[in-house]
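K.L.:
how would this look folded up:
(3 chains)
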Amino acid sequence: MADAPLLSVHGVSKRFGVVQALKDVSISAEAGSVLGLCGENGAGKSTLVKILMGMYRPDSGSIRLDGKPVVIRSTREGQGLGIALVSQELSLANDLSVEDNIWLGSNKVPLLHRSRALRRRAAEAVATLGLDPAILDRPVGTLSLAERQLVEIARNLCRDARVLILDEPTATLSDRDIAKLFAAIRGVAAQGCAVVYITHRLGEVFEICDRVAVLRNGRVAGSHVVADIDRGRLIEEMIGRQFEGMYPPAAGASEAAGTILDVRGLTIPSVAHDVSFAVAAGEIVGIAGQIGSGAAEVVRALAGLVPEAVGALTWRGRPLRIGTRADMLKAGFAFVSEDRGGEGMFRNLSIRNNLVVTAPRALSPLWLDRVRALDEAATYAAERVGIDTGRLPHPVSQLSGGNQQKVVFGRFLDKKQIAGNGGARRMPGLLLMNEPTRGVDVGARADLYRLMREYCRNGFGLVVYSSDLEELLGMSDSVITMYRGRVSGRYPGGEEHIAKVLADITHAPQSAQVSAPATRR
Amino acid sequence: MPAVSRALDRIAPPKGRPVWILLGLAVALGAIDGGSGFFFRLSTLFSMTQLFSTLGLVALGLGFVMMLHEYDLSLAGSFALAGIVGVLTGVENPLLGVVCGVGVGLVAGFIQGCIVVWLRMSAVALTLGGLLLMLGITYVLAGGTTISYGNRAVTQWLQETMLGGTISYRGMIVVAVYILAALVFAYTRIGRDVIATGSNRAGAAVAGVNTDAILIGVLTAAGGLSALAGVLLAYSLGAGSAFGLSDVLMGATAAGIIGGVSLGGGKGRPLGVAAGALTLCLLRSGLSGFQGDPMLLDSLTGLVLLLVAISDGTLFRQRMLEWRRALFGSRPS
Amino acid sequence: MNVPGLSRAAFGRERVVWSVKAAVLAVIVGSAILTPGFVTPASAIATLDHAALIGLVALGMTFITISGNQLSLSLGATLSAAALVFVVTTGLGTWGACAAAILAGILLQAAQGLVIGYFGANPIIVSIAGLGLILGIGTHLTGGGEVYPAVADALKPLHARIGPLNMLIVVFLLGVVVAELLLSRTRFGRQLIAVGSSARAAAATGIRTPAVVTATYAVAGLFCALAGIIAAARFRYASLETGAGYDYDAFGSVLIGGTLLRGGFGSAWRTMMGALLLAAVHTILVLRGYSQEAQYILLGVFVLGAVCLSSSEER
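P.N.:
Numbers count the residues shown, from 1 in each chain, chains lettered A, B, ... in the order given. Next up is the predicted model:
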């Protein structure tokens, strides 16, 4: 069939300030087929999607529907043209029924009673996705996450969507739900839609996609018919280039070697099972895993932010109960959240106040603050992390992402602790980090890695979760991999193992589909 | 019929919690009464419906506002001001008075709604100003005293009872308004959009709902409903004044909360609010039926509100988990 | 990602708001100066006095608002309760009664704060519940009428003056200083502001939020109790009506002063300015001979406008 593809993108580029998010990207999605879109974090997938949805305009290049160029100026226009996105945050109203949600906000619905024809269409859409039409009357709040996702897809179908973009839809689904989702996707494709399936999970690409495009650093690294390639090739294209040596080496045989944290049987119901590992003083332990693998939750659980977590911890030789965040902080566990804006920063407060928020009681005996002592501590911390001390009184929201993250890191720098002032009475602790360099530019990243090593030199243990595999392997001394809530492998740090690690986090262990490790270019 | 049950979903709360509370309370009061006849007197039922006639509409309006995750302090102001306006303008033509009074409430709600949307303010802050302003105007118009309503016939008519003496005509009007509101909510797009806006405002906007219009509309309607309640009360008392307002706001809030509207937005339905309001009125009339201290009603209301607020709290589940663990020890799954 | 157009629009609106604020302030200052009798010690004292009682409650409200809990509708009732406790315990001597009243105020509010902080319950609803409980139990205990002090002499020390300033003004001014110290110079204050700025970030950084919120409400209760004691001393009796209506005025003062409803920003100075501004407008209206009714309306308009202007940076 030599028709023009339903959706095609030609030479699209997009730059944000100094960052070139997309460069000369061309892909196409045919009607009735599923195009997989793969790439690591920061490869440009979400920018491309936002351009397709009309949230951004491309700097150059064009978008075509059925071969005819279109300009998408807003999300409404995009939706009007038939381009629909189902993202991780569903836009459903839990208190309304499925049918009400499907037709919510659509201008096809008259003010008064809804016609039978609309209900029929909803029933058809729902049936295409493999759901029982009786579900139309159930409140969305009573549905499982998987079912809700299908309802969101049904809504888009009823708005005459022709291009359906699914963003990591299986991140939180069970195997059975995934099978149902795939059946639904096939149904949608059979109706003539083009489906763009964004995923990290390579196994799924081979299950559901007809074609696949790999993005890396804003460019298309490869575009293939799925039947023509194998897993190894995909991995190769996703990883691509060499490490840059931006990761400072480990201190070697550290002075205070010896396990400071032993985790046994950490379990979070429905999220992670029986996770066990050990951290030595001065060691960086990295946890590799995709969204939904439970890795980030394990780190949060150690920080005391997951009340349902259970497990046995041995900290500095003594048993420690998993308590609240305040308890864990008292024990010495510092935490850097993956959600800097919502959990890391106090947006409207000054940099100085953000830095001293975890200041120990010693600096505020009885009631009154020792203001000068606090200011000194803040100045010290700012200097160590590389923030202009003149800006201390300014609101932290004025800083760049990288500098904000430095502020978060700076919180745990205590003069007595780091400089080892005359018999530091504070023992080094544990630094827990989720996605520490998310949204941070390359220059600031290097600073952060250096900071981490400084913590190590002072006897801290570090536990890091990052979805950026290169970074994780580059900075960690040892790595454990997680898949669907269980630890699937353990490796020493360093780039040699990246292919195995990637394989580990993308499929179940001992799966028949595991292919031979990729050969390096 | 499936269509009716679907509509019912939109006007009645999901698990009928408020109705169970109401029934439970009725049973409890009946049991305490123990057959001495106090509770099941007609006068108790009548005083309950009378209270409901005053409280019910304000509760309905406030309930809609709370469904959207907001709070409207100015409803007490609309209530008072509309009463005075109605009394002043409705002597010859009571319907004119009603229109003027309700109009005042609608206008007040509309203006406040527009400002909230335009300045992206929280409704709580703005409606504080609205409350003070309307109370000020009320004070001016009433000159600090009560104004008597000249039209005796209307007053008497409103106080006449029907249905075997259980409910006054005023009460029937309120019930009719409730039914109308329930129908609008159930059968038109408006109801669905309001629920969606309360349930997930960002998501509803993405789906295409005009959430700004919904917010303005709800604030307008709430003002109008409170105003209607104020006019009806003033007419049936034969006088309008500016006293006794904090009761109204408190009772209306309690009615909504008991009725299942959580300030988390989206939950709660008109029938639920009705059940909540009835519960409150039953409490009050039941208690005054005994020799019990009527002021204990405030305490009981407060207690019920407190318990509901706790169980609706964001950390409630977590605390329950912690207590269960502390008592029974943790069990690895 | 930054969308330049959007921030330009916000900047434009900011300019408008700022210029309107400046204009309003100019009008007020102008009419103040031009009003005969305003710039005199007597009217200054009167203004301060009017501001002080509301201001004390407003100081308590300030803590609650900065902590992100919006407002409390039970502060007036707490004032009344503390006043009643004071009057009833005058047998313990002046300071004994004061201590009892302060304790009562603290406990009544701290209990609400505990529920709010520990369960994450909605602060407005809990305050309404508190209001109901205080009024209900209070009416039951007092029969709803006025209560006169057992030992009238105990009130005497509270009628003292320091120069031209009566006790109320002195306590208010001291209260502003103490409140400001608490907010800006103590660990508690820093944590309170942090909780108001971002409750999630506060939890993630290990701040014990339930304790902070409970303490916040306890402080509010303290200020209400102070107001209650002074009111009881001034009127020489106490009832549940003593504090009625203060909640709205206090909340208005807080908002007019520029403390943000969403929390994390504000100060005691601001609230003091807000209370003074309100009182000044009231004094101007009185001196210019406006009738009671006109005063009501104009004040209402003023509060409405001021609140709009102050709160437009909310979202």
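K.L.:
Tell me where the stretch 151-300 of chain B has strands.
P.N.:
Assigned by DSSP state E, counting those that start in this stretch, the strands in the stretch 151-300 of chain B fall at B:161-162, B:167-168, B:239-240.
K.L.:
List the contacts of the first one.
P.N.:
By C-beta atoms under 8 Å, 6 or more residues apart in numbering or on different chains, the surrounding residues in contact with strand B:161-162 are B:46, B:167-169, B:172. Quick note: C-beta positions are derived from backbone N, CA and C, even for glycine.
K.L.:
Return the most buried member of the strands of the stretch 151-300 of chain B.
P.N.:
Of the strands of the stretch 151-300 of chain B, the one with the most neighbours on average (mean count of other C-beta atoms under 10 Å in any protein chain shown) is strand B:239-240, at a mean of 22.
K.L.:
got a list of what the residue nearest to C:Leu114 when sequence neighbours are not counted touches?
P.N.:
In space, not counting the residues next to it along the chain, C:Leu114 is nearest to C:Thr214; the distance is 4.6 Å by C-beta to C-beta, 6 or more residues apart in numbering or on different chains. If you count contacts by C-beta under 8 Å, 6+ apart, C:Thr214 has them with C:110, C:113-114, C:117-118.
K.L.:
ok so, going back, any idea which of the strands of the stretch 151-300 of chain B scores lowest on pLDDT?
P.N.:
Considering the strands of the stretch 151-300 of chain B one by one, the lowest average pLDDT is found for strand B:161-162, at a mean of 78.
K.L.:
What strands line up against that strand, and which way round?
P.N.:
The sheet places strand B:161-162 alongside strand B:167-168 (antiparallel), with pairing taken from DSSP bridges.
K.L.:
And the strand it pairs with, how far out from the chain middle?
P.N.:
Centre-to-centre, strand B:167-168 and its host chain are 19 Å apart (C-alpha atoms, centre = their mean, to the nearest Å).
K.L.:
do stretch A:96-110 as well
P.N.:
Per C-alpha atoms, centre = their mean, the displacement of stretch A:96-110 from the mean C-alpha position of its chain is 31 Å.
K.L.:
on that earlier part again, any chance of the strands of the stretch 151-300 of chain B in TSV, plus distance to B:Asp312?
P.N.:
What follows is the strands of the stretch 151-300 of chain B, written out as TSV (distance: least, C-beta to C-beta, whole Å):
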stretch	distance to B:Asp312
strand B:161-162	38
strand B:167-168	32
strand B:239-240	36
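K.L.:
still on that earlier bit, who wins on neighbours among the contacts of C:Thr214?
P.N.:
Among these, C:Gly113 has the most neighbours (other C-beta atoms under 10 Å in any protein chain shown), with 30 neighbours.
K.L.:
Let me see the contact set for the residue lying closest to that one once chain neighbours are set aside.
P.N.:
Ranked by C-beta to C-beta, 6+ apart and with sequence neighbours excluded, the top spatial neighbour of C:Gly113 is C:Tyr217, at 2.7 Å. With C-beta under 8 Å, 6+ apart as the criterion, the residues that contact C:Tyr217 are C:63-64, C:72, C:109-110, C:112-114, C:116.
K.L.:
low pLDDT regions in the chain?
P.N.:
Using chain A. Of all residues in chain A, those with pLDDT under 70 make up the ranges A:1-3, A:41-42, A:113-114, A:171-172, A:200, A:239-257, A:360-369, A:414-428, A:441-442, A:508-521.
K.L.:
Wait, chain C was what I had in mind.
P.N.:
Screening chain C residue by residue with the criterion pLDDT under 70, one finds the ranges C:1-14, C:311-315.
K.L.:
in what helix or strand does the residue of it found nearest chain A lie?
P.N.:
Using C-beta to the nearest C-beta, the single residue of chain C nearest to chain A is C:Gly206, 3.3 Å away. Per DSSP states H and E: C:Gly206 is located in neither a helix nor a strand.
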